[in-house]
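**Student:** Provided below for reference: sequence and predicted model.
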Amino acid sequence: MKANDKSGVKEYLATENRYENMTYKRSGKSGVLLPAISIGLWHNFGFIDPIQNGREILRTAFDLGITHFDLANNYGPPYGSAEENFGTIFKKDFKSYRDELFIATKAGYDMWPGPYGDFGSRKYLISSLDQSLKRMGLDYVDIFYHHRPDPDTPLEETMGALADIVRQGKALYVGISNYNPEDTQKAAELLKDSKVPFILHQARYSMFDRWVEDSLLDTLENNGVGCIAFSPLAQGMLTDKYLNGVPEGSRAAKELTYLNKESVTDNLDKIRKLDAIAKERGQKLSQMAIAWILRQPQVASVLVGASSSNQLKENVKGLDLLKFSDEELKLIESIIA
């Protein structure tokens, strides 16, 4: 039996069959295979959260074959705390599995005071990644993203910084997030000219938020870039949480960022109709919502958050039924169009 660490928790030994049941998808035309479901550390991993709960979630994720852990410099709260907590967990549980993990971080949003702690300058991106690596206790990340477009910094400067980060050995691949199709095309051309492996675009995508279908997915496919979808459950609306309205204590009830009571009320009829289809399929609404996104060939992975190990396990069960009949897709489209 493994000895306990100083926190009283048994030393982690990953499940031997962890890769047998996970679905893996290729990211664009790269050599990278990602788990169909990846774990995001946006919420539940900051200093305000119990680190032991986060530790259990990450252990569960890896035991389920989830190899991709997604972070950003400003995840917390406070900023930087998710990376620091991850670094603590990584050192205790995952250091010996480093080559089996695909770890991401990002920079692009407000991070520190003054003119150099935001957006997309070379100064900001390189400094931010240096700080992130120190917080996480890593020599490199597998992928580094520019988190959002910068309207004032030339794209050549931002993409040039990403290229130099790869050349410096601080990241193996690069990605972008929240870019529109036109700027994505320009970024792809610049990175291709620099011979830098641009393999992922992280985009918001759900049944209730389909902007990527307009032309972004086609742009990514034409450039051999994969898509990883975040907010696949529309901040919780595409779950069974709101079937009977807005419960007290829920995210919508608290009027937190990106979700409020009005949004739920406006979509409640759709939520209930989609839930009925999911039940007919033998799935939860959240599982069907994830499967619906993964039917897109350009989508390499769906990024989910989790407040508990059980919640993560439930989402992963959605991979047991990924196929849709033509009738199901038509019915879903009639509801969400």
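**Tutor:** Yes, it's here. Numbering: from 1, shown residues only.
**Student:** Buried residues of the host helix or strand of Lys330, list them for me.
**Tutor:** Take DSSP states H and E as the rule and Lys330 turns out to sit in helix 326-336. Buried residues in helix 326-336, defined by neighbour count with 16 or more other C-beta atoms under 10 Å: Glu328, Leu331, Ile332, Ile335. Using the backbone N, CA and C atoms, a C-beta is placed for each residue, glycine as well.
**Student:** That one packs against which elements?
**Tutor:** In terms of contacts (3 or more C-beta pairs under 8 Å, 6 or more residues apart in numbering; DSSP states H and E), helix 326-336 is packed against helix 261-281.
**Student:** Spit out the contact partners of Ile37.
**Tutor:** Met22, Ile66, Ile290, Ser301, Val302, Val304, Asn315, Val316, Gly318, Leu319 (C-beta atoms under 8 Å, 6 or more residues apart in numbering).
**Student:** next one: phi and psi at it?
**Tutor:** Dihedral pair for Ile37: phi -120, psi 130, per degrees, to the nearest 10.
**Student:** Run through the bridge partners of it.
**Tutor:** When assigned by DSSP bridges, Ile37 has beta-bridge partners Val302.
**Student:** how close does it get to Lys313?
**Tutor:** According to C-beta to C-beta, to the nearest Å, Ile37 and Lys313 sit 11 Å apart.
**Student:** what does Asp49 give?
**Tutor:** 19 Å.
**Student:** Check Leu238 too.
**Tutor:** Here the criterion is C-beta to C-beta. By it, Leu238 lies 18 Å from Lys313.
**Student:** neighbour-wise, which of those two wins?
**Tutor:** Leu238 (28 against 14; other C-beta atoms under 10 Å).
**Student:** can you pull the contacts of the more buried one?
**Tutor:** By C-beta under 8 Å, 6+ apart, the residues touching Leu238 are Ser206, Met207, Phe208, Pro232, Ile271, Leu274, Leu285, Ser286, Ala289.
**Student:** element containing the fourth one, please.
**Tutor:** Right, Pro232. Counting by DSSP H and E, Pro232 is held by no secondary-structure element, helix or strand.
**Student:** quick revisit: now for the contacts of Leu238, which pair is the farthest apart?
**Tutor:** Farthest-apart pair in the contacts of Leu238 is Pro232 and Ile271; separation 14.5 Å (C-beta to C-beta).
**Student:** Settle it for me: which of these two has more neighbours?
**Tutor:** Set side by side, Pro232 and Ile271 show more neighbours around Pro232, with 26 against 22, by other C-beta under 10 Å.
**Student:** Verify the stated contact: that one with Ile293.
**Tutor:** Yes: at 5.4 Å, Pro232 and Ile293 qualify as touching, with contact defined as C-beta atoms under 8 Å.
**Student:** what's the overlap in contacts for the two?
**Tutor:** Common neighbours of Pro232 and Ile293, using C-beta under 8 Å, 6+ apart, are Tyr205, Ser206, Val302.
**Student:** which of those has the most neighbours?
**Tutor:** Tallying neighbours with other C-beta under 10 Å puts Val302 at the head of the shared contacts of Pro232 and Ile293, with 30 neighbours.
**Student:** my guess is that residue contacts Ala229, does it?
**Tutor:** Yes: counting by C-beta under 8 Å, Val302 does reach Ala229; the two are 5.0 Å apart.
**Student:** quick one: common contacting residues for these two?
**Tutor:** Counting by C-beta under 8 Å, 6+ apart, the residues touching both Val302 and Ala229 are Ile293.
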